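Trainee: Sequence and predicted structure, then a few things I'm wondering about:
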Amino acid sequence: MWLRLRNQNKKQAYPCDKVAQEGIYGTIERDLHANIEKIRNITGNSADIVIRRFWLGKEDNLSSALCFVSGMVDENMVQQLFIEASVQLSFPSMCCDQLEYIEKKIATANTTRRVKQWNDVFSLLMSGESILFIHGMQEAISIAVKGGEYRAITEPSTQLSIRGPREGFTESLTTNVAMVRRRIQHPHVWVEAITVGEVTHTNVRIMYMKGIADDNIVEEVRSRLQRICMDGVLESGYIEQFIEDETFTTFPTIYHTERPDSVAANLLEGRVAIFVEGTPFVLIAPAVFIQFFQAVEDYYARFDIATALRFLRILVFFISLVAPSLYIAATTFHQEMIPTSLVIAIAAQRESVPFPAFVEAVIMEVTFEILREAGVRLPRTVGQAVSIVGALVIGQAAVEAGFVSSVMVIVVSITAIASFATPSFAIAVSARLIRFLLMVLAALFGFYGILIGLIWMTIHLCSLRSFGVPYMTPLAPLIPTNLRDTFVRFPLWALTDRPHGIAEETNIVRQGDEQRPKPNQEMRREGDEN
Amino acid sequence: MERARISARQLFMLAILFEHGSAMVIPLGVDAKQDVWLAILCGMVFGVGLLFVYYRLFTYYPNLPFTSYSQRIVGPFFGKVLALIYVLYFLYISARVLRDFGELLLTFAYPETPLFILNAVMMLTVMYAVYKGIEVIARASQLFFFSLYWILMLGFVLIIIAGEIDVRRLQPILEEGWPRIFHVVFTQTLYVPFGELVVFTMIFPYLRKEEKVWKAGFLALLLSGINLAMIMGMNVAALGADIVSRSTFPLLNTIQEIRVANFLERLDVLFMIALIVGGFFKVGVFFYAGVIGVADLFALKQYQRLVYPLGISVLFLSLAIASNFAEHIKEGLRIVTIYMHVPLQMIIPIFLLLIAMVKHQKKERKGR
């Protein structure tokens, strides 16, 4: 049925073929007026498209026009360009090709380019370049004066750290790429440009370390990106949904981050980063399950603390997954497994509650989800009111009204805090969804249901892949060397290999032997004497 | 056969989980009284012999599952008949294990729930796993291997801390001499769980490095033999041979004995995890072998199409094979062992191996 539905939608074909689209507007004409008319026509005389006509050169004999989109160009540079073109430029009597002379003489912009096709003219114009038309020429010059306002670099708002760099990505693609480039100053950081979106023409950059990243994975990323054919890409989430391996899963198979240091670390491990214009979130592929429990800070803190935190995070993930369902199972099916005094306490509280444990849990969990959703979308000023109402509703009034038991409140709060403590929001969300499934199973079959649910989840996790890499690597398939950076994090000097199965196998060692720090013996002797 | 590859390590862990499966929780070889651990170890030693037979067969045809090479060895017609018998055997045993599992759950935790529901939930999970293929099952086995081992170690440590172990309960050793032990070995412990490795003749060809099959299989057999002997020995040491031989789930009774610091008690959930995880892999491997066998025998390209019809058949078979638990157990001990395990795990493979050896010697002579 799914196929049939999809086929019905396919009746009208989408023009994906880029070659066929080329040249639908034709080429530039000699007549300047005709060219200007054409731009006005095709852009619908849009208000933000500026067409400024002027006399080119000191001799004032070339009628020309500069065309750009206001707001997308650097105003200062455009100003300078005018001065240069109309006042300073002069043609020597013996000149070869005027167009080439102009192109080479303009010093204001970084790059200039000659264009002939209207298609190119429009795509460059819309991307923020200025186009210079000269009367009598069949070509125009495109001058890169991109600019305009972007949000400044600020601290990332979703991935905070106590220790570590404070800068996060912005909406500007070039800034983002440069931020990573600044961290890895090596010529083997390769950046490939690609445009996605037939209407939006969004710039996308694939960044990887040549020689460290597996070429097959890079090729896979490239081909999946090139396959995308759709109107618009407004955020990296669009791209993620078009290139991920499996749609019908709650687990994220592509990692996203807004921290340049995180991207740099992943590039050094042989992964591929995908930057998208207009969003601070950079995609990283391939991603494995355990990666969502690693925070960049783990590598900045000392290994024992990092290890303890890793354990805590995995525990937290499990709590956020099973806590309410364990409560349901224990109170409905397996009272004998709870210590006697506790079971009496719970039973005494639950006596006044009119609902079975499952309904009680669902009510509370749904209430909490509503509060959270409200808190996310509300303007900051109103947010506080929600948290007060939430605390009162969940915390006190519900218990006092005999609606839910106070044990349930504790369970829900622990679950909620646990789901916030998971370092990656993407994996916390999938735990949120699975939690409800497990609650239903627990209500039906008790612990048996929870276990069956977890087995389902494990099989599902084992069946996932991210760009060909099994999702549960290095746990299943087991790669012992990689285990040094999973549940525990070994000291940095012991993490000798890049992750096997992700990085290029022929270039896997990332540091020298004997990196373990040892104090100099002589220094120690001096210390003892004091 | 599907296009898949598993590693030797995955085979090892899958075999361990498979061996532990239901053997861990049922009263295995308890007719040997306090010498039950000895009976299991002896079963393991003879089990190594059986494994060697399966391994030799595999070395002659390293790329084929049992259902294919049986046709090479005894000709297409008899080979197909044999393959059919084996496929039915695998499916039947998976239904039996499923029934075992459902009955265990029923008696110990869910007296009010219909058996059909418990079995159906389990079978759906197994079907999902088999649908995803051997690679996924093998990967999942790696994850569950560690969780199961942690649980076993935890239980073991807790029992020792709780002071339930009394080694004197294991004495006297060899009270009635070796004959009784060998009787138990050749009527019970050799076939379940060790001889059941015959199902791995369907899985060996998936191994990436065929030379590692023996090592992985042998180590798995050795480790699971020692583990099972330890578990049953522990049961006897904690409860006494008398209680163990009359109990339906000795391991559960042992775990229920644990009481540490007035807090860690009633750890039935540990037993339940072991039971469900083990049961899942045992049913899963048998069912997978059955499905792949049918697909191989009837030359189906996509074995996935068989998963749902065969899965539902196994589910109903698991309910239909016996009208109650006592009958089910009696069938298992009397009929299945003599008419199924002995010929299919021992006699036919040895017979096939002899024919294959003769054939290959002839070929070698011709080659010269």
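Mentor: Received, thanks.

Trainee: which residue sits closest to residue B:18, ignoring its sequence neighbours?
Mentor: Leaving out its chain neighbours, the residue that sits closest to residue B:18 by CB to CB, 6 or more residues apart in numbering or on different chains is residue B:285, at 5.0 Å. (Glycine included, C-beta is placed from N, CA and C.)

Trainee: quick one: the one you found from chain A, how far?
Mentor: From residue B:285 across to chain A, the span is 14 Å (CB to the nearest CB, to the nearest Å).

Trainee: sec struct for that residue, please.
Mentor: At residue B:285 the chain is in helix, as set by DSSP: H, G, I helix; E, B strand; the rest coil.

Trainee: Assign a three-state SS to residue 85, would you?
Mentor: This is for chain A. helix.

Trainee: ah, I was thinking of chain B
Mentor: Secondary structure, three-state DSSP: residue B:85 is helix.

Trainee: Neighbours of the spatially closest residue to it that is not a sequence neighbour, how many?
Mentor: In space, and not counting its chain neighbours, residue B:85 is closest to residue B:344: 7.2 Å by CB to CB, 6+ apart. Residues lying near residue B:344 (other CB atoms under 10 Å in any protein chain shown) number 19.

Trainee: And for the one 5 residues further on?
Mentor: Each residue near residue B:349 was counted by other CB under 10 Å, and the total is 22.

Trainee: For it, give its distance to residue B:49.
Mentor: 11 Å (CB to CB, to the nearest Å).

Trainee: Contact partners for residue A:75?
Mentor: Taking CB atoms under 8 Å, 6 or more residues apart in numbering or on different chains as the criterion, residue A:75 is in contact with residue A:147.

Trainee: What's the per-residue pLDDT of it here?
Mentor: For residue A:75, the model assigns a pLDDT of 86.

Trainee: got a list of contacts for the helix or strand bottoming out on mean pLDDT in chain B?
Mentor: Scoring the helices and strands of chain B by mean pLDDT, DSSP states H and E places strand B:264-265 at the bottom, with a mean of 71. With CB under 8 Å, 6+ apart as the test, strand B:264-265 has contacts from A:339, B:158, B:258, B:259.

Trainee: which of those residues count as buried?
Mentor: Buried residues within the contacts of strand B:264-265, counting neighbours by 16 or more other CB atoms under 10 Å in any protein chain shown: B:158, B:258.

Trainee: among the contacts of strand B:264-265, which are in strands?
Mentor: Members of these lying in strands (criterion: DSSP state E): residue B:259.

Trainee: rewinding a little: shared neighbours of residue B:349 and residue B:49, anything?
Mentor: By CB under 8 Å, 6+ apart, no residue touches both residue B:349 and residue B:49.

Trainee: show me the residues around residue A:24 that make contact.
Mentor: By CB under 8 Å, 6+ apart, residue A:24 lies in contact with residue A:119.

Trainee: Just say helix, strand or coil for it.
Mentor: Reducing the assignment at residue A:24 to three states with three-state DSSP gives coil.

Trainee: As a check, name the ranges of all helices in the stretch 101-250 of chain A.
Mentor: Secondary structure of the stretch 101-250 of chain A by DSSP state H, counting those that start in this stretch: the helices cover A:118-126, A:173-183, A:215-227, A:236-243.

Trainee: which ones are touching the closest residue to residue B:250 other than its chain neighbours?
Mentor: Leaving aside its sequence neighbours, residue B:250 sits nearest to residue B:235 (CB to CB, 6+ apart; 4.1 Å). By CB under 8 Å, 6+ apart, the residues touching residue B:235 are B:244, B:250, B:251, B:253, B:254.

Trainee: Among the helices of the stretch 101-250 of chain A, which comes closest to residue A:299?
Mentor: helix A:173-183 (13.4 Å; CB to CB).

Trainee: Check what contacts that closest one and list those residues.
Mentor: A:150, A:153, A:167, A:169-170, A:189, A:191, A:203, A:205, A:207, A:260-261, A:263-264, A:267, A:273, A:275-278, A:280, A:282.

Trainee: of those, buried ones?
Mentor: Neighbour counting with 16+ other CB under 10 Å marks A:153, A:169-170, A:189, A:203, A:205, A:207, A:260-261, A:263-264, A:267, A:273, A:275-278, A:280, A:282 as buried within the contacts of helix A:173-183.

Trainee: For residue A:361, give its distance to residue A:405.
Mentor: Between residue A:361 and residue A:405 the computed distance is 10 Å (CB to CB).

Trainee: ditto for residue B:9
Mentor: From residue B:9 to residue A:405 the distance is 47 Å (CB to CB).

Trainee: Neighbour count for these two, which is higher?
Mentor: More crowded of residue B:9 and residue A:405, by other CB under 10 Å: residue A:405, with 26 against 19.

Trainee: quick one: contacts for the more buried one?
Mentor: Residue A:405 sits next to A:346, A:349, A:350, A:352, A:353, A:360, A:399 when contact means CB under 8 Å, 6+ apart.

Trainee: what's the pLDDT at the closest residue to the last one other than its chain neighbours?
Mentor: In other words, residue A:399. Ranked by CB to CB, 6+ apart and with sequence neighbours excluded, the top spatial neighbour of residue A:399 is residue A:406, at 4.8 Å. Listed pLDDT for residue A:406 reads 86.

Trainee: and if you look at residue A:7?
Mentor: 59.

Trainee: Look at residue B:323 and say how many residues are nearby.
Mentor: So residue B:323, with other CB under 10 Å, has 9 neighbours.

Trainee: go on, residue A:518?
Mentor: 7.

Trainee: per-domain residue ranges of chain A.
Mentor: Domain segmentation of chain A under automatic domain parsing yields A:18-143, A:173-287, A:303-459.

Trainee: wait, which of the ones you listed is closest to residue A:476?
Mentor: Minimum separation from residue A:476 across the domains of chain A (CB to CB) falls at domain A:303-459, 8.8 Å.

Trainee: measure that closest one end to end?
Mentor: 31 Å (CA to CA, to the nearest Å).

Trainee: Stretch B:242-261 now?
Mentor: One end of stretch B:242-261 sits 28 Å from the other (CA to CA).

Trainee: in that stretch, what counts as buried?
Mentor: So for stretch B:242-261, counting by 16+ other CB under 10 Å, buried means B:244, B:245, B:247, B:249, B:250, B:251, B:252, B:253, B:254, B:255, B:257, B:258.

Trainee: among those residues, which two are most distant?
Mentor: By the measure CB to CB, B:245 and B:258 form the most distant pair in the buried residues of stretch B:242-261, at 21.2 Å.

Trainee: got any ranges where the chain has weak pLDDT?
Mentor: By default, I'm working from chain A. Applying pLDDT under 70 to chain A flags the ranges A:1-11, A:17-23, A:60, A:92-96, A:107, A:109, A:394, A:522-530.

Trainee: That was the other one, I meant chain B.
Mentor: Along chain B, the parts satisfying pLDDT under 70 run over B:368.

Trainee: Spell out which residues of the stretch 301-450 of chain A are next to chain B.
Mentor: A:333, A:334, A:336, A:337, A:339, A:445, A:446, A:447, A:448, A:449 (CB under 8 Å from any CB of the partner chain).

Trainee: just curious, which of those residues is nearest to residue A:101?
Mentor: Taking those together and measuring to residue A:101 by CB to CB, the closest member is residue A:449, at 79.5 Å.
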